[in-house]
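Peer 1: here's a sequence, model it:
(one chain, ligands or ions: 1)
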Amino acid sequence: MTGTAVEALTEAEARAELARLAAAIAAANAAYHTLDTPEISDAEFDALKRRNAAIEARFPGLKRGDSPSDQVGAPVADGFGKVAHRVRMLSLENAFAAEEVTEFDDRVRKFLGHGGGITYTAEPKIDGLSLSLRYEGGTLVQAATRGDGEVGENVTENARTIGDIPRQVSGAPEVMEVRGEVYMAHADFAALNDRQAAAGEKTFANPRNAAAGSLRQLDAAITASRPLRFFAYAWGELSAPLAPTQMEAIRRLRVLGFQTNPLTVLCDGPEAMLAQYRLIEAQRATLGYDIDGVVYKVNELALQARLGFRSSTPRWAIAHKFPAELAWTELLGIDIQVGRTGALSPVARLKPVTVGGVVVSNATLHNEDYIAGRDSRGEVIRGGKDIRVGDWVQIYRAGDVIPKVADVDLGRRKSDAQPYVFPQVCPECGSPAHREEGDSVRRCTGGLICPAQGVERLKHFVSRGAFDIEGLGAKQVEMFFHDSILPVKTPADIFTLAARDADNPLQKLRNRDGFGEVSAAKLFAAIEARRTIPLDRLIFSLGIRHIGETSSSLLARHYGGWEKFIQAIDAARNFTGAEWDELTAIDGIGAVSARALIDALHPDSSERAEVDRLVQALSIVPVKAAATDSPVAGLTVVFTGTLEKMTRAEAKARAEALGAKVAGSVSAKTDLVVAGPGAGSKAKDAERLGVRLIDEDAWLALIGG
Ligand code: IVH
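Peer 2: Presented below is the predicted three-dimensional model:
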């Protein structure tokens, strides 16, 4: 790893070595935090990081998006015990423009069928990391990070060292989970970095990283030495409500001894919300800690309960983000990356520049239209200015999102700068790269023959939320993909690895570089263990466009088992009919995702043949519907006519939360039709088909009010 002197490396060697270093450092990190016996010494680890930094300093344009130099002080999650959150920790929907705030209010009122005004709280969105504190009988018994929202890390000892977090509270409900943000103030952050630098330790890129790195320390004594603070703004499980409104609940938390943000106010509608947004934005620079927007929440907790949640965000709150931070730098080159769906993505290689405390050397250029100065509808953006290699460009970065090239300075353009010509063939496999009508993305048509797509699909397949096979990460996937003895070109090949190795008497995996008896056996066992896989993970792992973890889980919950799912997709393939209607009626699955699913799984495609081959090798665990113990779980319900006690959207959301399927039209498969006044043909269909027909009150009685 430390062969050639950095000064002597060619660019290609440097690129390859940075990739190797990133993998080695990630592996060492994982080993350190998951096993008691780290695989390399601290000194070796530091040497890897130093060499990585030296190569990056010499070739700034090659710095990777996942560069280990950007991963400061945040140990990986596996070093901590896990805590299953009793009430999920959600994230927030984002708004950027004022209209989106007005639309949010419209949506809330429409959902509730509320003619008049709704009252909201507005408060700063703190740029830190969220923490859930559990109190039992007034004593802090557990603190957990958000993790993936369902399971977080147990950081109880660390939280106990934070001054703003009371260890005892009096007058609280018997069980009370208080949630809020751990953050670091600017002055404390600067002083910490000075101390770190003086001690020859790592410094942090920004206060949020510093807060995260300080809280997620395996040694609580280190956390104790770091100046962390905490604002309370929400709650999880409660044995008794804190108050009837958000504002009063926050006040109650303050009385109990928590810090709550003093800029929290009540607003009687969008105008007041936007006024408060401007007020908070004006104070942003002088607050002394980072905030990245304003959060609005419906004030009445009873209304919050009625509004409920989408898959990962509440319907009753929204984060109105501040405009991102900006900086200017030189565009050194444009690289094309080929993703797992064949999308050709242009990436800007930049002269490194600091944007909001973080060094940026890569940024997305989205697609060819964006480079040419047009948006996805063909309309002019940036006044029609195109982007050329050598230009001075403005970089835009907000929070954790990938930096973007936002603007170009024509005044500094060199006279010989040439317009960028977007490749018409895939740079990885040479297949034609096409754009479909209405699609802004040019895609490689190579499908399974394109190595870049193949590798990216496999990487996705083995990733965390998908098959998550231990010992088979991105690095090993690259290796097996190009391997001539045990090639793995598609997911199904993974499950024949052990058998193929057994059949090959000469070149066993265990005798090869990087493997041994134990690691080869472990890998085969890890693969074997994943032959049994839950349906939602399987769907997600297929890496279909628009089908992320949320959609996969919705589909799995809706169809329950693979057979039902795939038959439904096949039956919906003409984009009409009952199955198509059923698919697109799933809350969260729109026509675009449905089409993508059908296209990707088309029975005539070679991709489908591979999926079928994969499925043959697996034992797929069905997924239970959202709730199975409710009286309507598993029933297919149709609402028709005017509902008087709730809106259609609310009725649908509640029915689905109780495990029912809500369909748009009545068929022989419908179990129940709920008809309000003015119900027309659907009620008649129900009678004709002998489907049970009830009114809204009977429905409410059935689901328990
Ligand atoms: S409320 C169910 N309020 O923003 C909603 N979140 O993007 C719970 N955050 O994970 C969150 N300040 O870490 C809420 N005043 C605030 C916040 C806030 C910061 C964070 C929080 C959350 C993330 C969502």
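Peer 1: host element of Ala363?
Peer 2: Here Ala363 sits within strand 358-364, counting by DSSP states H and E.
Peer 1: so what touches the helix or strand in which Asp194 is found?
Peer 2: When elements are assigned from DSSP H and E, Asp194 belongs to helix 186-198. Residues outside helix 186-198 that contact it (Cβ atoms under 8 Å, 6 or more residues apart in numbering): 184, 201-204, 206-207, 210, 226-227, 229, 288-290. To be clear about C-beta, it is placed using only N, CA and C from the backbone, and glycine gets the same treatment.
Peer 1: give me the subset of those residues touching the ligand.
Peer 2: Contacts with the ligand within the contacts of helix 186-198, counted by Cβ under 6 Å from any ligand atom: none were found.
Peer 1: could these be laid out in a markdown table, adding pLDDT and secondary structure?
Peer 2: A markdown table is the format used below for these (pLDDT from 0 to 100; DSSP: H, G, I helix; E, B strand; the rest coil):
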| residue | pLDDT | secondary structure |
| --- | --- | --- |
| Met184 | 95 | coil |
| Glu201 | 80 | coil |
| Lys202 | 78 | coil |
| Thr203 | 78 | coil |
| Phe204 | 81 | coil |
| Asn206 | 80 | coil |
| Pro207 | 87 | helix |
| Ala210 | 90 | helix |
| Arg226 | 93 | coil |
| Pro227 | 94 | coil |
| Arg229 | 98 | strand |
| Gly288 | 90 | coil |
| Tyr289 | 93 | coil |
| Asp290 | 90 | coil |
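Peer 1: so among those residues, which ones count as buried?
Peer 2: By the neighbour-count criterion of 16 or more other Cβ atoms under 10 Å, the contacts of helix 186-198 include these buried positions: Met184, Phe204, Asn206, Pro207, Ala210, Arg226, Pro227, Arg229, Tyr289, Asp290.
Peer 1: can you tell me which of the residues you listed is nearest Gly465?
Peer 2: Within the buried ones among the contacts of helix 186-198, the smallest distance to Gly465 is 26.8 Å, found for Asn206 (Cβ to Cβ).
Peer 1: got the phi/psi numbers for that closest one?
Peer 2: When quoted as degrees, to the nearest 10, the phi and psi of Asn206 stand at phi -160, psi 170.
Peer 1: is stretch 215-222 positioned near the ligand?
Peer 2: No: using Cβ under 6 Å from any ligand atom, stretch 215-222 stays clear of the ligand, coming no nearer than 12.5 Å.
Peer 1: that stretch: which residues count as buried?
Peer 2: Using 16+ other Cβ under 10 Å as the test for burial, stretch 215-222 gives Leu215, Arg216, Gln217, Ala220.
Peer 1: dump it to PDB, restricted to CA.
Peer 2: Provided in PDB are the C-alpha atoms of stretch 215-222 (Å, rounded to 0.1, in the frame of the first residue of the first chain):
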ATOM      1  CA  LEU A 215     -21.400  12.200  21.100                       C
ATOM      2  CA  ARG A 216     -20.600   9.000  19.300                       C
ATOM      3  CA  GLN A 217     -17.500   8.200  21.300                       C
ATOM      4  CA  LEU A 218     -17.000   4.800  22.700                       C
ATOM      5  CA  ASP A 219     -15.300   6.400  25.700                       C
ATOM      6  CA  ALA A 220     -17.800   8.600  27.500                       C
ATOM      7  CA  ALA A 221     -14.800  10.500  29.100                       C
ATOM      8  CA  ILE A 222     -14.100  11.900  25.700                       C
END
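Peer 1: pull the distance from it to the chain's centre.
Peer 2: Relative to its chain's centre, stretch 215-222 lies at 26 Å (Cα atoms, centre = their mean, to the nearest Å).
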